[in-house]
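Enquirer: need a 3D model of the following:
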Amino acid sequence: MRGYKPGTLEVLKDSVMVPHIEPTPSIPFYVPKLMGQQLLDVILRRHLEKFSCSVEMGTELRSFEQSDEGVTAVLAKNDTSETFDTKWIIGADGAKGIVRKQLGLTFLGETRDDTRIVTGDIRMTGVGLDRLGILSLRPTDEVGDDGWQFFLFGHELDLAKIAESEKLVFETIALLIPTEMSFNKVVWMSDFRANIRMVNKFSEGRVFVAGGIVHSPTGGQGLNSGVQDAFNLGWKLALVQKGLADKSLLETYSAERLPVISEMLGVTTSILDKAIASGDASSGRTPILFMLGINCRFSTIVLDEFVTSGKPINAYGVLDEGHLEAGDRAPDAPNVLQVGRAEPDATTLFSLYRPWYHTILVFAPSLADATPVLGALEAYDKSVVRSAVVLPSSASVTSVASPADHVLVDQEGHAYSTYLMEAGQTKVFVIRPDGVIGAIVHGTEGVKKYFSKIFVDT
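Expert: Down below sits the predicted model:
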């Protein structure tokens, strides 16, 4: 990010919005990405199409009624109303949406009318605008090769009025940048106020809210936290709908996510205050914004036989790669060798995990040491529970006859190092569908105890 002396193109300083951190074996994706909603929408819709799902544009939810059996929604499309019966509703329509309002969820917090931003995408060119970024402009090719995302702020500007006029946006930007400008058009814009708020709960009956029900103006946490909401709810709702889990499992959605969101607001509000005080948008930003320390160690459905309970909740914690508990993000490990195939091939632990099943990692000195746990797993539905034995690099694998879905040799030691395994130790990690470590246990009894909190007895 480059700052300029007001009214000139004289550079004052360069600063980094997000600290650069090199990827590691356990964290392969450390580079932040910035993209506009237009591109993100395309990516998400194409992914949905793989599952024969599509997004109906121009369709509005007007109201809904729920019972013990389901939900009836009233939709409006092309000025025509229709009713739709479904088992569940997930409202991702944001803080101003009908779902939050009709559920009667409170929106606790504050609105800062004195902290206001007009933001949007604009197409323009100008002498000296070399696509490297200037003032409060971010170059974005998503809206054209002359595209910029702009941010206008400052108490001396009538931002509410500017947000209503493309002409005023052009005039304001021209006043702020001392160079010859050529404006094409404003693609979109919005008047943004600092709403530091969150709901009091994430669901009522068969209706849920996810993403956009917390407003945080700084830190770039909004989209990621919304995705995390949906991921946390999605796998639980799928199990309940399939009849594999009791409806009470859904209560853990709010229980696990509310502490995270509450602490997130504290972090981002602190960043906002520092940015306003200093005039530097990069002020106060730390690696905690990578969100890799987020956890649900406090959850009632998380089990760890290697730690003592009773510690204070720190849901938005700082990542500590030297410590790993149930409730933490499951780390990756590269170059683990899959054996038992015609041609052994190297893979990663991340490549084993899927959003629709639990993955049981059995770290053991030998296949024989893993046998009791694998035997216990035979009692569970293979569509929602998969297994992998992770052997140390020193293991001699002469036969791979095993009920495990995967037999892996940690040839470079990354998995054993990342999961803090000791030589000769047997330990079981249960990886939830949302990539969280659901359990760290000694063996069979621990696995059964964990799944007793997830699945119904069959």
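
Enquirer: the stretch 201-350 of the chain: helices as residue ranges?
Expert: Using DSSP state H, counting those that start in this stretch, the helices of the stretch 201-350 of the chain run over 222-241, 251-278.

Enquirer: out of those helices, nearest to residue 97?
Expert: With distances scored as C-beta to C-beta, the stretch of the helices of the stretch 201-350 of the chain nearest to residue 97 is helix 222-241 (12.6 Å). C-beta coordinates here come from the backbone N, C-alpha and C atoms, glycine included.

Enquirer: mind checking which helix or strand of this structure has the lowest mean pLDDT?
Expert: Least confident element among the helices and strands of the chain, by mean pLDDT, DSSP states H and E: strand 214-215 (a mean of 60).

Enquirer: quick revisit: as CSV, the helices of the stretch 201-350 of the chain with distance to residue 108, mean pLDDT and mean neighbour count would be great.
Expert: What follows is these, written out as CSV (distance: least, C-beta to C-beta, whole Å; pLDDT from 0 to 100; neighbours: other C-beta atoms under 10 Å):
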stretch, distance to residue 108, mean pLDDT, mean neighbour count
helix 222-241, 16, 93, 19
helix 251-278, 9, 84, 18
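
Enquirer: how about the ones you listed in CSV, adding distance to residue 153?
Expert: Converted to CSV, the helices of the stretch 201-350 of the chain look like this (distance: least, C-beta to C-beta, whole Å):
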stretch, distance to residue 153
helix 222-241, 18
helix 251-278, 9
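
Enquirer: which one of those lies nearest to residue 199?
Expert: helix 251-278 (8.4 Å).

Enquirer: distance from the chain centre to the closest one, please.
Expert: 14 Å (C-alpha atoms, centre = their mean, to the nearest Å).

Enquirer: other SSEs contacting that helix?
Expert: Packing partners of helix 251-278 (3 or more C-beta pairs under 8 Å, 6 or more residues apart in numbering; DSSP states H and E): strand 107-126, strand 181-199, strand 214-215, helix 222-241.

Enquirer: any chance of those in JSON lines, with distance to residue 372 too?
Expert: Below are the helices and strands packed on helix 251-278 laid out as JSON lines (distance: least, C-beta to C-beta, whole Å):
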{"stretch": "strand 107-126", "distance to residue 372": "49"}
{"stretch": "strand 181-199", "distance to residue 372": "44"}
{"stretch": "strand 214-215", "distance to residue 372": "44"}
{"stretch": "helix 222-241", "distance to residue 372": "25"}
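
Enquirer: low-confidence bits of the stretch 1-150 of the chain, can you list those?
Expert: Regions of the stretch 1-150 of the chain meeting the criterion pLDDT under 70 cover residues 1-8, 17-19, 128-135.

Enquirer: re the thing from before, and of the helices and strands packed on helix 251-278, who's closest to residue 259?
Expert: Nearest to residue 259, of those and by C-beta to C-beta, is strand 181-199 at 10.9 Å.

Enquirer: how about the closest one: buried residues?
Expert: 183, 186-187, 189, 191-192, 194-199 (16 or more other C-beta atoms under 10 Å).

Enquirer: can you tell which of the helices and strands packed on helix 251-278 is closest to residue 314?
Expert: helix 222-241 (16.5 Å).

Enquirer: and that closest one, what does it pack onto?
Expert: Counting by 3+ C-beta pairs under 8 Å, 6+ apart, helix 222-241 packs on strand 89-91, strand 214-215, helix 251-278.

Enquirer: do that again at 6 Å, thanks
Expert: Applying 3 or more C-beta pairs under 6 Å, 6 or more residues apart in numbering; DSSP states H and E, one finds that helix 222-241 makes contact with helix 251-278.

Enquirer: quick one: terminal-to-terminal distance for stretch 247-255?
Expert: This stretch, stretch 247-255, spans 14 Å end to end (C-alpha to C-alpha, to the nearest Å).

Enquirer: and it, how far out from the chain middle?
Expert: For stretch 247-255, the distance to the chain centre is 18 Å (C-alpha atoms, centre = their mean).

Enquirer: how many neighbours does residue 383 have?
Expert: 10 (other C-beta atoms under 10 Å).

Enquirer: check for me that it belongs to a helix.
Expert: No. According to DSSP: H, G, I helix; E, B strand; the rest coil, residue 383 belongs to no helix; its state is coil.

Enquirer: which residue is the nearest non-sequential neighbour of it?
Expert: residue 357 (6.7 Å; C-beta to C-beta, 6 or more residues apart in numbering).

Enquirer: before we move on, what about residue 54?
Expert: residue 48 (6.7 Å).

Enquirer: what residue ranges in the stretch 301-450 of the chain score low on pLDDT?
Expert: Looking at the stretch 301-450 of the chain by pLDDT under 70, you get 310, 398-399.

Enquirer: where along it do the strands fall?
Expert: With DSSP state E, counting those that start in this stretch as the criterion, the stretch 301-450 of the chain has strands at 303-304, 336-339, 345-347, 358-363, 385-392, 406-410, 427-431, 437-441.

Enquirer: want to try a markdown table for those, with distance to residue 275 and mean neighbour count as columns?
Expert: Putting those into a markdown table (distance: least, C-beta to C-beta, whole Å; neighbours: other C-beta atoms under 10 Å) gives the following:
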| stretch | distance to residue 275 | mean neighbour count |
| --- | --- | --- |
| strand 303-304 | 38 | 20 |
| strand 336-339 | 42 | 20 |
| strand 345-347 | 42 | 13 |
| strand 358-363 | 40 | 25 |
| strand 385-392 | 44 | 24 |
| strand 406-410 | 44 | 24 |
| strand 427-431 | 37 | 23 |
| strand 437-441 | 34 | 25 |
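
Enquirer: quick one: closest of those strands to residue 220.
Expert: Closest to residue 220 of the strands of the stretch 301-450 of the chain, according to C-beta to C-beta: strand 437-441, at 25.2 Å.

Enquirer: show me what that closest one is packed up against.
Expert: strand 427-431.

Enquirer: can you list the strands that the strand it packs on pairs with?
Expert: In the sheet, strand 427-431 lines up against strand 358-363 (antiparallel), strand 437-441 (antiparallel) (DSSP bridges).
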